[in-house]
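1. Attaching a predicted model along with its sequence, questions to come.
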Amino acid sequence: MDATAVEALFTRASGDYLVARWGRPIVPVVFGVDDATLAVVKGAVEAVVMLAGHRMAETDPELGANLMLFFFRDWAELPEVPNLDRLVPDLGPLCARLKAEGANQYRAFRFDANGAIKACFVFICMDESLSEVPAETLALNQAAQMILLWSDRAFAETSPLALAGDTVILRPEIGAVIRAAYDPVMPDVARDATHALRIAARIAQMGE
């Protein structure tokens, strides 16, 4: 991953460069799945957090859980979840828009005063296409996309995942970007594209 490729991952459709990482330990909670799938989802989150060199915790002092993943069959179900509209403003209109667009997933991030990620709400509408995706693949894909604030078009054409034989894995170059972004000397948030040069330099060092 050279600096140009890294920059593309964090340059939004507006042309702005923006990357943010978690500034606190991640505390996941999963809704709408059975116990077996719950273990798969939490395992994928833990694997990506470990890859980043970040931390997980049992509880978040401010929110209790700060990574909430919701699995459901219809966008109309979400506004019926008690108090969810307090965490995600304008939830009703948002769900109506996503349903009209035929979307099957959405991530809403919240940030602290410094711009670091403090919470993420992941909504996964299990439509016909997603219902055919193995739980391991779906979970790893969501874990990869919540660990950093990527560009809104970073994975529009190319998945963060790849096949290694019969096993779905995180693409090595994406894993390298995650590890570099969580280097202790890197900032929690960056809005200048020179940040991409620093990421690329750290990736190069990893390969030496």
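-> Thanks, I have the structure now.

2. In contact with residue 36, which residues?
-> Going by Cβ atoms under 8 Å, 6 or more residues apart in numbering, residue 36 touches residue 135. Every residue, glycine included, has its C-beta placed from N, CA and C.

3. Let me see the domain layout of this structure.
-> Under the assignment automatic domain parsing, the domains of the chain span 1-20+153-208, 22-135+142-147.

4. could you dump those domains to CSV with mean pLDDT?
-> Formatted as CSV, the domains of the chain follow (pLDDT from 0 to 100):
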stretch, mean pLDDT
domain 1-20+153-208, 94
domain 22-135+142-147, 95
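
5. residue boundaries of the helices in the protein?
-> Counting by DSSP state H, the chain has helices at residues 3-10, 35-52, 84-87, 91-101, 128-131, 135-146, 172-181, 194-206.

6. mind checking which of the ones you listed is nearest residue 73?
-> Comparing these against residue 73 with Cβ to Cβ, the closest turns out to be helix 128-131 (9.0 Å).

7. Output the longest strand belonging to this protein.
-> Ranked by residue count and defined by DSSP state E, the top strand of the chain is strand 117-125.

8. How far away from the center of its chain is it?
-> On the basis of Cα atoms, centre = their mean, to the nearest Å, strand 117-125 sits 7 Å off its chain's mean C-alpha point.

9. same deal with stretch 144-158?
-> Chain-centre distance of stretch 144-158: 7 Å, with Cα atoms, centre = their mean.

10. Grab the nearest non-local neighbour of the spatially most central residue of the chain.
-> Central residue of the chain (Cα atoms, centre = their mean): residue 146, 1.3 Å from the mean position. Distances taken as Cβ to Cβ, 6 or more residues apart in numbering put residue 120 closest to residue 146, at 4.8 Å, once the chain neighbours are dropped.

11. same deal with residue 150?
-> residue 9 (5.8 Å).

12. In this structure that neighbour contacts residue 151, no?
-> Yes - under the criterion of Cβ atoms under 8 Å, residue 9 makes contact with residue 151 at 5.9 Å.

13. Have a look at these two and say which one is more surrounded.
-> Between residue 9 and residue 151, residue 9 has the larger neighbour count (other Cβ atoms under 10 Å), namely 22 against 19.

14. Show the contacting residues for that one.
-> Shown in contact with residue 9 (Cβ under 8 Å, 6+ apart): 150-151, 154, 177.

15. Give me the buried entries from the residues you listed.
-> Buried subset of those (neighbour count, 16 or more other Cβ atoms under 10 Å): 150-151, 154, 177.

16. Now do the buried residues in stretch 175-191.
-> Of the residues in stretch 175-191, those buried (16+ other Cβ under 10 Å) are 175-182, 186-190.

17. Distance from the chain centre to it, please.
-> How far stretch 175-191 lies from its chain's middle: 14 Å, per Cα atoms, centre = their mean.

18. Now the terminal residues of it, how far apart.
-> Start-to-end span of stretch 175-191 (Cα to Cα, to the nearest Å) is 21 Å.

19. what residues does it touch?
-> With contact meaning Cβ under 8 Å, 6+ apart, stretch 175-191 is reached by 1, 6, 9, 16-23, 48, 51-54, 111, 114-116, 144, 147-148, 170, 195, 198-200, 202-203, 206.

20. And residue 117, how close does it get to residue 54?
-> Distance, residue 117 to residue 54, by Cβ to Cβ, to the nearest Å: 10 Å.
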